[in-house]
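Student: Have a look at this prediction, sequence included:
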Amino acid sequence: MSSRNKGICFIILSAFSFALMGACVRLAGDVPSIQKSFFRNLVVRRKRITTYLFNIKVRRVCEQEREGKQMGFLTGKTAIITGGGRAVLSDGSCGSIGYGIATAYAKEGANLVLTGRNVKKLEDAKEELERLYGVKVLAVQADVNAGADNKAAVERVVKQAVEEFGRIDVLINNAQASASGVTLADHTTEQFDLAIYSGLYATFYYMQACYPYLKETQGSVINFASGAGLFGNYGQCAYAAAKEGVRGLTRVAATEWGADGINVNIVCPLAWTAQLENFQKAYPDAFKANVKMPPAGHYGDVEKEIGRACVQLASPDFKYMNGETITLEGGMGLRP
């Protein structure tokens, strides 16, 4: 029962009690008038105090709703979001898919574990999300790259998450780096490794490390792929290879983990981000060749159109969906 409904029940119960007290005073007959007055005043004052306290509670609930602090179905649950640092577009607005997802989850009451390479972006995300939505955020600097002890780095993140929150309900593998705009013939091994390690290997290690905890909570995994892999976009060979590897990994996990109550799905987004904005500036020809305006007439909003969809994929309503690739591209992701 919600706090508001509890308050209403107590008001009704108090009113009944006051009415009963008043009846008892009348039945008392010849009780001295000073005592009757005392009881009547007591009834009135208690009623006023109760009404006053109830009104304060209602106002607080309304203020929380206006400020976006009203918690949802993820209250008390924990989500790990890789690549969750705050980024901004040239106009100063939010420009990170990971941060858009984090915002959507915070509005549903989830405690968050945000990872990334840039400590400042993580700290900015933590400060803003905790201040605006009243959730707890654990920001952990972490990077998966060639030559590092990546399994240990990921296990450290997961260990900190469990120590801080005691559970893991959702894993969102969003982080990815790549050298977009470089053709297959010109791609170096280092550029290929950048995409494979930050995307495919990171997803693999996080899924392995989180599995026991997701099994306990019968949680959800949301992995990120791309239309670059679905459609073979020009100048994105390593990025496409990493993302298609993530899709294959997701389908296998859906088959193996379904019996554990874990659903694992893929999101292929098209949203206007700082990364896409920078891609346009750095590789205008590749951008023109690959990035088209979707039929929807706009690029996706990182919170409302990408983040909110990720919230739903972790909800009980979508638990039966498993191993699927969802294209959030405003009509651009059509395929047989």
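Tutor: Yes, it's here.
Student: so who does the most centrally placed residue in the chain touch?
Tutor: By CA atoms, centre = their mean, the chain has its centre lying nearest to residue 105, at 2.8 Å. Residue 105 is in contact with 74, 79, 81, 112, 170, 307, 310, 311, counting by CB atoms under 8 Å, 6 or more residues apart in numbering. (Each C-beta comes from the backbone N, C-alpha and C, glycine too.)
Student: Please enumerate the helices of this structure.
Tutor: According to DSSP state H, the chain carries its helices in the segments 3-27, 33-66, 97-107, 119-133, 150-165, 189-195, 202-217, 227-231, 237-257, 274-282, 284-290, 308-313.
Student: Give me the buried subset of the contacts of residue 105.
Tutor: By neighbour count, with 16 or more other CB atoms under 10 Å, these hold 74, 79, 81, 112, 170, 307, 310, 311 as buried.
Student: Can you add pLDDT and give these back as TSV?
Tutor: Below are those laid out as TSV (pLDDT from 0 to 100):
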residue	pLDDT
74	95
79	98
81	98
112	98
170	98
307	96
310	98
311	98
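Student: Reformat those into a markdown table and put distance to residue 135 next to each item.
Tutor: Putting the buried ones among the contacts of residue 105 into a markdown table (distance: CB to CB, whole Å) gives the following:
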| residue | distance to residue 135 |
| --- | --- |
| 74 | 9 |
| 79 | 10 |
| 81 | 12 |
| 112 | 6 |
| 170 | 13 |
| 307 | 14 |
| 310 | 16 |
| 311 | 13 |
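Student: nearest to residue 260, of those residues?
Tutor: When the buried ones among the contacts of residue 105 are compared for distance to residue 260 (CB to CB), residue 170 wins out at 14.8 Å.
Student: Skip the chain neighbours and tell me the closest residue to that closest one.
Tutor: Nearest residue to residue 170 in three dimensions, chain neighbours excluded: residue 79, at 3.9 Å (CB to CB, 6 or more residues apart in numbering).
Student: so the one you found makes contact with residue 169?
Tutor: Yes: counting by CB atoms under 8 Å, residue 169 is a contact partner of residue 79 at 6.4 Å.
Student: Now do the shared contacts for these two.
Tutor: 110, 314.
Student: Now residue 295. Nearest residue, chain neighbours left out?
Tutor: residue 331 (3.5 Å).
Student: show me what contacts that neighbour?
Tutor: So residue 331 contacts 294, 295, 296 (CB under 8 Å, 6+ apart).
Student: so residue 119 touches residue 141, yeah?
Tutor: Yes: between residue 119 and residue 141 there is a contact under CB under 8 Å: 5.1 Å.
Student: what about those two, which has more around it?
Tutor: residue 141 (16 against 12; other CB atoms under 10 Å).
Student: Next one: the closest residue to residue 139 other than its chain neighbours from residue 114, what distance?
Tutor: Leaving aside its sequence neighbours, residue 139 sits nearest to residue 122 (CB to CB, 6+ apart; 3.9 Å). As judged by CB to CB, to the nearest Å, residue 122 and residue 114 stand 6 Å apart.
Student: list residues touching both of these two?
Tutor: Joint contacts of residue 122 and residue 114 (CB under 8 Å, 6+ apart) are 84, 85, 139, 140.
Student: What does the pLDDT read for the residue nearest to the centre of the chain?
Tutor: Residue 105 carries a pLDDT value of 97.
Student: go on, residue 326?
Tutor: pLDDT, read off for residue 326, is 96.
Student: What distance do you get for the nearest residue to it once chain neighbours are set aside to residue 317?
Tutor: What sits nearest to residue 326 in space, not counting adjacent residues and going by CB to CB, 6+ apart, is residue 267, at 5.3 Å. Distance, residue 267 to residue 317, using CB to CB: 16 Å.
Student: what number of residues lie near the residue nearest to residue 139?
Tutor: Neighbour tally, residue 122, other CB under 10 Å: 23.
Student: Domain parsing of this structure, as residue ranges.
Tutor: 3-66, 78-328 (automatic domain parsing).
Student: Of the ones you listed, flag the one that's most buried.
Tutor: Highest mean neighbour count among those (mean count of other CB atoms under 10 Å): domain 78-328, with a mean of 19.
Student: That domain spans what distance, first to last residue?
Tutor: 24 Å (CA to CA, to the nearest Å).
Student: Stretch 212-231 too?
Tutor: 34 Å.
Student: pLDDT of it, averaged?
Tutor: Here the average pLDDT along stretch 212-231 is 96.
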